[in-house]
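> got a predicted structure plus its sequence, pasted below:
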Amino acid sequence: MQIHVHDTPQALGRAAGREAAAALREAVAARGAANYVVATGASQFDTLAALVDDDVPWERITIFHLDEYAGLDDTHPASFRRYLRERLLEKLPRRPAAFHGIDASRDAAAECRRLAALVPAGNFDVATIGIGENGHLAFNDPPADFTTSSPYIVVRLDEACRRQQVGEGWFAGLEQVPTEAISMAIRRILATARIICSVPDARKARAVRDSVAGPLTPDCPASILRTHAACSLHVDLPAAALLPPSLTG
């Protein structure tokens, strides 16, 4: 894992967005097309803004949606499909080759089967992701399933994850946050040639430390990123505050 510490969240986003844009261009240049996995949430605001402003051949890129709440339609303010429509799709200069959004508003198990039929047989090319306050990857809360081969799964959201959604302002109270979601599974996330992880904010400092320097365990799902051959972790100074100096110097 390559760790990059930035002075501000904006600098973090610019660096991560540029890295993602370059990786997508390289993939398209190598084989004429690319598959891109995109996360949402507050941690991705600056990364996606930088990516949208870069020169990317979107017409050759298929976009896969990482996770979504069960029971929400795409008009809800917290819907991640709405987030991606407003912060990514509507801002692109050209339409992507395809966008495979997650519709978890009805039969979540059936939606997982539909999505499983769409993922590529091989690796994704690029993923831009984050790490949750509880160490989650996508909506794979601890203890995460490191073994399932299903590309998408229905997951239960733990209280720490649900409180994070309230804290970030997506919901007015804990009782409004869904208790289930559809998430890309851990092994399918890892089946990506280049993973770019953006993690700003002091509230993520413990999760960053545990992911990088703690045990490799399903109790900290993001710790599995250390096994990936090409993962970049971009953090700002507050998120890096608990990292051992030997890892950031």
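All right, it came through fine.

> okay but residue 173 is in contact with residue 163, surely?
No. Counting by Cβ atoms under 8 Å, residue 173 stays clear of residue 163, with 10.2 Å between them. Backbone N, C-alpha and C define where each C-beta goes, glycine included.

> spatially central residue for this structure, please.
residue 129 (2.6 Å; Cα atoms, centre = their mean).

> quick one: pLDDT of the closest residue to that residue other than its chain neighbours?
For residue 129, ignoring the flanking residues on the chain, the nearest one in space by Cβ to Cβ, 6 or more residues apart in numbering is residue 39 at 4.5 Å. Per-residue confidence (pLDDT) for residue 39: 97.

> adjust the sequence numbering to begin at 19 for everything that follows.
I'll keep to 19 as the first residue from here, and by that count the last item is residue 57.

> got the phi/psi numbers for residue 57?
Main-chain torsions, residue 57, degrees, to the nearest 10: phi -90, psi 170.

> okay, now the unreliable bits of this protein?
267 (pLDDT under 70).

> go through it and flag its longest strand.
strand 210-217 (DSSP state E).

> contacts for that strand?
Strand 210-217 is touched from outside by 30-31, 34, 37-38, 41, 45, 55, 61-62, 64-65, 141-149, 207, 225-226, 240, 243, 246, 248-253, 257, with contacts defined as Cβ atoms under 8 Å, 6 or more residues apart in numbering.

> how much space separates residue 102 from residue 73?
Applying Cβ to Cβ, to the nearest Å, the value for residue 102 to residue 73 is 20 Å.

> between these two, which one's more packed in?
residue 102 (24 against 10; other Cβ atoms under 10 Å).

> what about that one, helix or strand, and which?
Take DSSP states H and E as the rule and residue 102 turns out to sit in helix 98-105.

> using PDB, list the CA coordinates for that helix.
C-alpha atoms of helix 98-105 as PDB (Å, rounded to 0.1, in the frame of the first residue of the first chain):
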ATOM      1  CA  PHE A  98     -26.300   7.000  -3.500                       C
ATOM      2  CA  ARG A  99     -27.800   6.700  -7.000                       C
ATOM      3  CA  ARG A 100     -28.900  10.300  -6.600                       C
ATOM      4  CA  TYR A 101     -25.500  11.200  -5.300                       C
ATOM      5  CA  LEU A 102     -23.800   9.700  -8.400                       C
ATOM      6  CA  ARG A 103     -26.300  11.300 -10.800                       C
ATOM      7  CA  GLU A 104     -25.700  14.700  -9.300                       C
ATOM      8  CA  ARG A 105     -22.000  14.600  -8.500                       C
END
